[in-house]
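Asker: missing the sequence, but the structure's below:
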């Protein structure tokens, strides 16, 4: 019974840890969200937006 209690605590800790860090957004995702917001705002106010791609893909 004692081992089962320890295993449940360990499981709860791992589950909490997983949910906490699993919901984090990467810096790239945050930058993409900000860029998307800027482009949408500019589009709504009829402004022209120039975006340059630096990925190296053609």
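Answerer: Ah, there it is. Since the structure is predicted, the reported quantities are computational estimates derived from the model, not experimental observations.

Asker: Please pull out the lowest mean pLDDT helix or strand from this protein.
Answerer: The weakest-scoring helix or strand in the chain, judged by mean pLDDT, DSSP states H and E, is helix 2-22 (a mean of 74).

Asker: Toward the C-terminus, what is the element adjacent to that one?
Answerer: helix 27-44 (DSSP states H and E).

Asker: what comes up buried for that next one?
Answerer: For helix 27-44, a neighbour-count test (16 or more other Cβ atoms under 10 Å) marks nothing as buried. Placement of C-beta: from N, CA and C, glycine included.

Asker: Need the mean per-residue confidence for it.
Answerer: The average pLDDT within helix 27-44 is 85.

Asker: so how far is that helix from its chain's centroid?
Answerer: Centre-to-centre, helix 27-44 and its host chain are 14 Å apart (Cα atoms, centre = their mean, to the nearest Å).

Asker: ok, now stretch 41-52?
Answerer: Counting by Cα atoms, centre = their mean, stretch 41-52 is centred 24 Å from the centre of its parent chain.

Asker: Likewise for stretch 40-56?
Answerer: Its chain's C-alpha centre and that of stretch 40-56 lie 22 Å apart, by Cα atoms, centre = their mean.

Asker: which residues sit against that stretch?
Answerer: Stretch 40-56 is contacted by residues 35, 38, 39 when judged by Cβ atoms under 8 Å, 6 or more residues apart in numbering.

Asker: now residue 38, nearest residue through space, not along the chain?
Answerer: residue 49 (7.8 Å; Cβ to Cβ, 6 or more residues apart in numbering).

Asker: how close does residue 39 get to residue 12?
Answerer: According to Cβ to Cβ, to the nearest Å, residue 39 stands 43 Å off from residue 12.

Asker: Please apply the same query to residue 38.
Answerer: 41 Å.

Asker: now residue 46
Answerer: Taking Cβ to Cβ, one finds residue 46 at 53 Å from residue 12.

Asker: again, but for residue 51
Answerer: Distance of residue 51 to residue 12, computed by Cβ to Cβ: 45 Å.

Asker: These two: who's more crowded?
Answerer: Just comparing residue 51 and residue 12: by other Cβ atoms under 10 Å the higher neighbour count belongs to residue 12, 10 against 7.
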